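*Asks:* build me a model from this:
(one chain, ligands or ions: 1)
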Amino acid sequence: MNFHILTRFPDMVEQGLSASILGRAEQAGLISVHAVNIRDYTEDRHLHVDDYPYGGGAGMVMQPGPVVKAVRSVQEKLDRPARVIYLSPQGKTFSQPMARELAREEDLILLCGHYEGLDERAIELVVTEQVSIGDYVLTGGELAAMVMVDAIARMVPGVLTNSESAEEESFMQGLLEYPQYTRPEVFEGKAVPEVLLSGHHANIAAWRRRESLRRTLAARPELLDRAELSKKDRAWLDELRREMSGPDGGDT
Ligand code: 9WO
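*Replies:* Below you'll find the model as predicted:
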C-alpha cells in the first residue's frame, strides 16, 4: 500500500514515519510513504502557497492552485484514481473500522492543511472525504496524517506478525485491553495477580476477559452496546454493576 502525503513539511512526516514497525514494513516493501512538498507546485515567484483571506480575518489561507496541482500530479502517476483525504476537525472521526477499510486501498492521498485552512474550492475539486482524528485543533494536518498512516499500515496484511494479528482479532471484539504484567513479580510492593503465575490457561483467559469487561464498563461503557458478549460475559457484567452501585460506590 502506498501513502502519498501532501504537506508543507515533508521532512517532519518522513522522519516521523521512518522509525518503528512502519520502517520495517517499508523495508519489506509492504508499504511506502511518499511525502510531497506542496511548495513544489507553487505558481508564485516568491514560492508562496498561502494568501490573505477574502473578507478579512486573522492569518493566511492555503491557495487552491498549488494544492490542486499537487494532488493531480500524484493522481496522474497512478493506474486508477485514489481517494483524497483532507485531515480536518470538520471530518468524520477516525476509527479502527475506518483504518481496516482504508487498508484495502492500493494508494491513499493524505492532504495536510496549514495556516488557517485550505481554500474551500480546493476541497470541493479534489478532496473525496474529510477525516478528523479527534475533537481538538492542531497547527496542521501532519500529526493527524501520521496517526492515520500508523493505524492503517498495521492493518495491511503482512505488517503484523501472525501472532500479533491473531491477538488483534481477539482484542478487537470491541472491548478495552486487559492489564499486562512482566517481570519482576513484585514491584514497589505491588504483586502480579496470582492467577497469571498459575499456568492454568483457562483461568487466565477467564480472568483477562473479566478485566477487559471491568475496564470497559468503568471507562467506556458505551462500547458494551456494540461488543460481542457471551452469556457468561453478561452475568459477570451484572455482578460488576452491582459492585459499582454498592454502598461504597465501588471504592473497595
Ligand atoms: C486556525 C484558525 C485561526 C484563526 C481563525 C481560523 C482558524 N482556523 C484554523 C484551523 O482550523 N486551522 C487548521 C489547521 C486548518 C487545517 C489544518 N489544521 C488542522 C488540522 N488543525 N487540526 C487539524 C486536525 C486534523 C485532524 N484531526 C484533528 C485535527
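*Asks:* only C-alpha atoms for contact and neighbour calcs from this point on.
*Replies:* Will do.
*Asks:* quick one, helices of this protein?
*Replies:* When assigned using DSSP state H, the helices of the chain occupy the ranges 10-18, 20-27, 64-76, 96-102, 120-126, 142-153, 162-171, 201-219, 231-244.
*Asks:* looking at these, which is nearest to residue 34?
*Replies:* Ranking the helices of the chain by proximity to residue 34 (Cα to Cα) places helix 10-18 first, at 7.7 Å.
*Asks:* contacts for the closest one, please.
*Replies:* For helix 10-18, the external contacting residues (Cα atoms under 8 Å, 6 or more residues apart in numbering) are 5, 23, 33, 34, 35, 36, 37, 142, 143, 146, 150.
*Asks:* buried set for it?
*Replies:* Of the residues in helix 10-18, those buried under the neighbour-count criterion (16 or more other Cα atoms under 10 Å) are 10, 13, 14, 17.
*Asks:* now do stretch 117-132
*Replies:* Of all the residues in stretch 117-132, those buried under the rule 16+ other Cα under 10 Å are 117, 118, 119, 122, 123, 126, 127, 130, 131, 132.
*Asks:* kindly reformat those as CSV containing distance to the ligand and pLDDT.
*Replies:* Formatted as CSV, the buried residues of stretch 117-132 follow (distance: Cα to the nearest ligand atom, whole Å; pLDDT from 0 to 100):
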residue, distance to the ligand, pLDDT
117, 3, 94
118, 6, 97
119, 10, 98
122, 12, 98
123, 11, 98
126, 15, 98
127, 13, 98
130, 8, 98
131, 6, 98
132, 3, 98
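*Asks:* please give me every residue in contact with the closest residue to the ligand within the stretch 151-252 of the chain.
*Replies:* When distances are taken as Cα to the nearest ligand atom, the stretch 151-252 of the chain approaches the ligand most closely through residue 151, which lies 13.8 Å from it. By Cα under 8 Å, 6+ apart, the contact set of residue 151 is 96, 99.
*Asks:* mean confidence for the longest strand anywhere in the chain?
*Replies:* The strand that spans the most residues within the chain, counting by DSSP state E, is strand 83-93. The predicted model gives strand 83-93 an average pLDDT of 98.
*Asks:* what's the answer for stretch 218-225, then?
*Replies:* For stretch 218-225, the mean per-residue pLDDT is 96.
*Asks:* got it, and stretch 229-246?
*Replies:* Mean pLDDT, stretch 229-246: 94.
*Asks:* before we move on, what about stretch 195-215?
*Replies:* Averaging pLDDT along stretch 195-215 yields 97.
*Asks:* circling back: ok, and which of the helices of the chain has the densest surroundings?
*Replies:* Mean neighbour counts were compared across the helices of the chain using mean count of other Cα atoms under 10 Å; the top stretch is helix 142-153, at a mean of 21.
*Asks:* export that helix as PDB, just CAs?
*Replies:* Output in PDB follows, covering the C-alpha atoms of helix 142-153 (Å, rounded to 0.1, in the frame of the first residue of the first chain):
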ATOM      1  CA  GLU A 142       0.700  16.400   9.600                       C
ATOM      2  CA  LEU A 143       0.400  14.800  13.000                       C
ATOM      3  CA  ALA A 144      -3.100  13.600  12.200                       C
ATOM      4  CA  ALA A 145      -1.900  12.100   8.900                       C
ATOM      5  CA  MET A 146       0.900  10.300  10.700                       C
ATOM      6  CA  VAL A 147      -1.600   8.900  13.200                       C
ATOM      7  CA  MET A 148      -3.700   7.600  10.300                       C
ATOM      8  CA  VAL A 149      -0.800   6.100   8.400                       C
ATOM      9  CA  ASP A 150       0.300   4.200  11.600                       C
ATOM     10  CA  ALA A 151      -3.200   2.800  12.300                       C
ATOM     11  CA  ILE A 152      -3.900   1.900   8.600                       C
ATOM     12  CA  ALA A 153      -0.400   0.400   7.900                       C
END
